[in-house]
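**Student:** let's see this in three dimensions:
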Amino acid sequence: GNDTAYSLFGQITNTSGHSVLKYYNESWLTVQADEKITPLSSYWIWSGERQNIIPKPDPVQNGTYTVDLDKGWNGFSIVGTRQESAKTHLAPAGDNWTYVIGYDAMTQKYEEPIIRDGTGNQSDSRILAPWQGYWLYTGSNVTYQVTI
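**Tutor:** Next up is the predicted model:
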C-alpha cells in the first residue's frame, strides 16, 4: 500500500546514499524500505536539493493512536489534518512535556522552541502542523494517546 517507507520516500532523489532515519528511545534507527510509516513518528531524510513529497493520506483516517515517549528528547509528529495549538495537540501528554521544536526545511533552521505555558514567540498557543516533524522534550516517560 501507500504506508511503507519506500512508497512515501522512494521518490526522493539525490540522497547521496543517505538512509531515512527516525529517532526512538535515545537512538537513531535506519528505516527499512518495507517499514510501515507510523502516525506520531517523525522521519529525517537528507537530500542535496529541495524536493516535495506528496503523501497520500487515508481520507477516513480515524482511530486511536499511541506512542510511548521516553524522558528526554523524542521524534514526534501529530496525527490527522488539523492545525491546532501545541497546547491542544499535546494535552494527552499532560504536564510531562516541556519543549517542542520544529525544523524549517526551507530555511534549514530550527524554529524557535514552543514552551509549555510559554508566552510570546515561545507560547504554547503556536500551531503544530500535520506532516511536520518535531523534537519533543518530556520530563518523564509518558504514553501519548489520541483518538481522531
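**Student:** show me where pLDDT drops low in the protein?
**Tutor:** Residue ranges of the chain with pLDDT under 70: 1, 56-61.
**Student:** nearest residue to the residue sitting nearest the centre point of the chain in space, please, no chain neighbours.
**Tutor:** Nearest residue to the geometric centre of the chain (Cα atoms, centre = their mean): residue 77, 2.5 Å. Once flanking residues are discounted, residue 77 sits nearest to residue 42: 4.7 Å by Cβ to Cβ, 6 or more residues apart in numbering. In short, each C-beta sits where N, CA and C put it, glycine included.
**Student:** let me see the contact set for the one you found.
**Tutor:** 22-23, 75-77, 133-134 (Cβ atoms under 8 Å, 6 or more residues apart in numbering).
**Student:** quick check, nearest of these to residue 69?
**Tutor:** Nearest to residue 69, judged by Cβ to Cβ, of these is residue 76 at 7.3 Å.
**Student:** leaving out the residues flanking it, which one is nearest to that closest one?
**Tutor:** Nearest to residue 76 is residue 136, by Cβ to Cβ, 6+ apart, at 4.0 Å.
**Student:** any idea what the one you found is bridged to?
**Tutor:** Beta-bridge pairing for residue 136 (DSSP bridges): residue 74, residue 100.
**Student:** could I get the contacting residues of it?
**Tutor:** Contact analysis of residue 136 by Cβ under 8 Å, 6+ apart lists 69, 73-76, 90, 93, 97, 99-100.
**Student:** which members of those residues are classed as buried?
**Tutor:** Neighbour-count burial (16 or more other Cβ atoms under 10 Å) is assigned, among the contacts of residue 136, to 69, 74-76, 90, 93, 97, 99-100.
**Student:** closest to residue 12 among these?
**Tutor:** residue 75 (18.1 Å).
**Student:** isn't residue 63 right up against residue 80?
**Tutor:** No - here residue 63 lies out of contact with residue 80, judged by Cβ atoms under 8 Å, at a distance of 10.5 Å.
**Student:** between those two, what contacts are shared?
**Tutor:** residue 148.
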